[in-house]
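*Asks:* Only the shape, not the letters, is given here:
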Ligand SMILES: [Zn+2]
């Protein structure tokens, strides 16, 4: 599903049918429908790279409108490819939160939007159908090796309480077509899930290894109880689709940052 581009001021986003059917407002935003000037055109969410803060603020407003929350309740952190998780209640100042370091945002307060930013790294959105609690996870290759999505699922279960029924969606990232790595990184990625190295690392003769991060993330999620039916793929390769996505691999320091976010829902627990 895609927002209409002829709607002025609408941030374009991809959705997971599974998360939508579970009642969660969420979005894997593309780079379209914002106001940032080149090379951050147009829906970018990072000021540290040189983008105009006023443009990023307008982009935040548009993203929040798409999610159905006030912009002040749309949170994301300064990501460092680690495991730190931040639980949000909606009372925090978003401009303070964005200076905090971490790679997972969580909340069980209805109306709080948990986000992550990416430009090749995989965004993963998690939700508990029972409590309405949610998490957003930033899993680049380092985070994937550290199994950040496993830690996030555990943290979400802990926050959600007994009887959690988790669902997840893995968003656009640099896919196996473009994710060429060195032997050391390939070996680390081959060893960080139950998928098996031969299933996730592809080596054509004479070429460097290509790695399928989506398959690793699916295996890691399966290890914490999210079977195949509870995990959605929102596909797209950031590196080979410059029209829809930012890509650090493709554009380096001149790459903008995509946003993915999910809004905590109402608890069904009395
Ligand atoms: Zn590609």
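*Replies:* The structure has been received and is ready for your questions. This one's a predicted model, so the numbers in the text were calculated from it and none came from an experiment. Residues are numbered from 1 along each chain as shown.
*Asks:* beta partners for the closest residue in space to residue 225 that isn't next to it in sequence?
*Replies:* Closest residue in space to residue 225, ignoring its immediate chain neighbours: residue 166 at 7.1 Å, by CB to CB, 6 or more residues apart in numbering. For every residue, glycine as well, the C-beta is placed using N, CA and C. For residue 166, the beta-bridge partners under DSSP bridges are residue 128.
*Asks:* try residue 26
*Replies:* On the basis of DSSP bridges, residue 26 is bridged to residue 262.
*Asks:* quick one: residue 216 and residue 192 touch, right?
*Replies:* Yes: the pair residue 216 and residue 192 qualifies as a contact (CB atoms under 8 Å) at a distance of 6.5 Å.
*Asks:* Tell me which of those two has more neighbours.
*Replies:* residue 216 (26 against 19; other CB atoms under 10 Å).
*Asks:* List the contacts of that one.
*Replies:* 144, 189, 192-193, 195, 200 (CB atoms under 8 Å, 6 or more residues apart in numbering).
*Asks:* Can you get me a residue count around the residue nearest to residue 225?
*Replies:* Counted with other CB under 10 Å, the neighbours of residue 166 add up to 22.
*Asks:* Now for it: which residues touch it?
*Replies:* Contacts for residue 166 were tallied using CB under 8 Å, 6+ apart; they are 126-129, 153, 156-157, 160, 225-226, 230.
*Asks:* filter those to the buried ones?
*Replies:* 126-129, 153, 156-157, 160, 226, 230 (16 or more other CB atoms under 10 Å).
*Asks:* wait, which of those residues is closest to residue 25?
*Replies:* Closest approach to residue 25 among the buried ones among the contacts of residue 166 (CB to CB): residue 127, at 10.2 Å.
*Asks:* where's that closest one relative to residue 207, distance?
*Replies:* Applying CB to CB, to the nearest Å, the value for residue 127 to residue 207 is 38 Å.
*Asks:* Then residue 113?
*Replies:* 41 Å.
*Asks:* which parts of the protein sit against the ion?
*Replies:* The chain has residues 177-178, 237, 239-240 near the ion, with proximity defined as CB under 5 Å from the ion.
*Asks:* From residue 67, how far out is the residue nearest to residue 225?
*Replies:* From residue 166 to residue 67 the distance is 20 Å (CB to CB).
*Asks:* With residue 80 instead?
*Replies:* Per CB to CB, residue 80 is found 25 Å from residue 67.
*Asks:* So which of the two has more stuff around it?
*Replies:* Neighbours per residue, other CB under 10 Å: of residue 80 and residue 67, the larger number sits with residue 67, 24 against 13.
*Asks:* Let me know the pLDDT of the more buried one.
*Replies:* Looking at residue 67, its pLDDT reads 97.
*Asks:* Residue 6 now?
*Replies:* On the pLDDT scale, residue 6 gets 54.
*Asks:* One more: residue 196?
*Replies:* So, for residue 196, pLDDT stands at 88.
*Asks:* One more: the one 10 residues further on?
*Replies:* Reading off the confidence values, residue 206 has pLDDT 81.
*Asks:* do residue 86 as well
*Replies:* Predicted confidence (pLDDT) for residue 86: 98.
*Asks:* host element of it?
*Replies:* strand 85-87 (DSSP states H and E).
*Asks:* For that strand, name the packing helices and strands.
*Replies:* Under the contact definition 3 or more CB pairs under 8 Å, 6 or more residues apart in numbering; DSSP states H and E, strand 85-87 sits against strand 104-107, helix 148-160.
*Asks:* Going by residue numbers, what spans are helices in this protein?
*Replies:* With DSSP state H, the ranges of helices along the chain come out as 17-21, 53-67, 94-97, 141-145, 148-160, 183-190, 197-200, 213-223, 248-251.
*Asks:* Of those, which shows the lowest average pLDDT?
*Replies:* helix 197-200 (a mean of 92).
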